[in-house]
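here is a sequence with its predicted model. Questions after.
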Amino acid sequence: MLRLNRLLAAALLVLIATSASAAVAIDASVSGDLTSKSTTLTTPAFSTAAANELLLAFISTDYLSGANTTVTSVTGAGVTWALVVRTNAQSGTSEIWRAFAPSPLTGVSVTATTSQSVVSSLTVISFTGVDASGTNGSGAIGAIGSGNGSSGAPAATLVTTRANSWVFGVGNDYDNAIARTPATGQSIVRTAPRFPAAQASPSATPRRPPTDTT
């Protein structure tokens, strides 16, 4: 079981390799943050080194009012993006989107669009050695899970479907931006910076959605 300590929402997936003897590896990794409210967030430009790479976009957002925030689209890099998993039962959303690049990419960027104007965080990672079957990277995705909680740590249970798989997750915490400690055998790829209290809700409770990509 993978636990993300004190996050209010977490989305998880398993990456699967091309075969039992193959190894998944990270190629490119790029991140961007919105520290002032907007409906779009774009990464810096990045390039990939190999053909047949899986692209994953890890997105976490704030929430303002009305219907909870969702990511309405992910675009860019000349590929087609598809939603893998969304967790927005609590305030804000944590989402993972996928795409597949059959050829190396040069100087591209990725944009996430949200349903309301909020602060948010976006990390895009490309992977080599993944299963290239399916459509838009679907063959590289194994098990999928999510968890949420109004307090305490959400938990999700995953069972890998192939040897040499990797497990990744993203989470957001609506009102308690604290340092995260990964469990044994896990590591944090990136945590978004604490957004300023000026982004607080009308009740003056700071809302800072750090992205813990684990």
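Thanks, I have the structure now.

contacting residues for the nearest residue to V130 once chain neighbours are set aside?
Among residues not flanking V130 along the chain, A140 sits closest, at 3.7 Å (CB to CB, 6 or more residues apart in numbering). Any C-beta I mention is one placed from the backbone N, CA and C, and that applies to glycine too. By CB atoms under 8 Å, 6 or more residues apart in numbering, the residues touching A140 are L15, I16, L54, R98, F100, F127, V130, D131, A132, G134.

and with 7 Å instead?
When the contact criterion is CB atoms under 7 Å, 6 or more residues apart in numbering, the partners of A140 are L15, I16, L54, V130, D131.

nearest to S151, of these?
The shortest separation between S151 and any of the contacts of A140 is 30.5 Å, and it belongs to L15 (by CB to CB).

show me the helices in this protein, by range?
With DSSP state H as the criterion, the chain has no helices.

just give me the residue right at the centre of it.
Within the chain, one residue has its C-alpha closest to the average C-alpha position: by CA atoms, centre = their mean, that is F58, at 1.6 Å.

do you have the strands of this structure handy? List them.
All strands of the chain, identified by DSSP state E, fall at 2-3, 9-15, 25-42, 53-61, 71-76, 82-87, 94-101, 110-128, 141-148, 155-156, 166-172, 190-191, 212-213.

which one of those strands lies nearest to P182?
Ranking those by distance to P182, with CB to CB as the measure, places strand 212-213 first at 8.4 Å.

quick one: average pLDDT of the closest one?
The average of the pLDDT scores along strand 212-213 is 50.

isn't A49 right up against P104?
Yes: A49 is within contact range of P104, at 6.1 Å (criterion: CB atoms under 7 Å).

in terms of neighbours, single out the busier of those two.
The neighbour comparison of A49 against P104 (other CB atoms under 10 Å) goes to P104, with 14 against 11.

list phi and psi for the spatially closest residue to the more buried one that is not a sequence neighbour.
The shortest distance from P104 to any residue that is not its chain neighbour, by CB to CB, 6+ apart, is 5.2 Å, and that residue is T48. Recorded main-chain torsions at T48 are phi -120, psi 160, according to degrees, to the nearest 10.

number of residues surrounding the residue lying closest to G32 once chain neighbours are set aside?
In space, not counting the residues next to it along the chain, G32 is nearest to T43; the distance is 4.6 Å by CB to CB, 6+ apart. Other residues near T43 number 20, with proximity taken as other CB under 10 Å.

from N176, how far out is T43?
According to CB to CB, to the nearest Å, T43 and N176 sit 26 Å apart.

repeat that for E95.
E95 sits at a distance of 20 Å from N176 (criterion: CB to CB).

not counting its neighbours along the chain, what's nearest the residue nearest to the centre of the chain?
V170 is the one closest to F58 (CB to CB, 6+ apart), at 3.9 Å.

next: S29.
I125 (4.7 Å).

higher neighbour count, E95 and N176?
In this view E95 and N176 are compared by other CB under 10 Å, and E95 has more residues nearby, 27 against 14.
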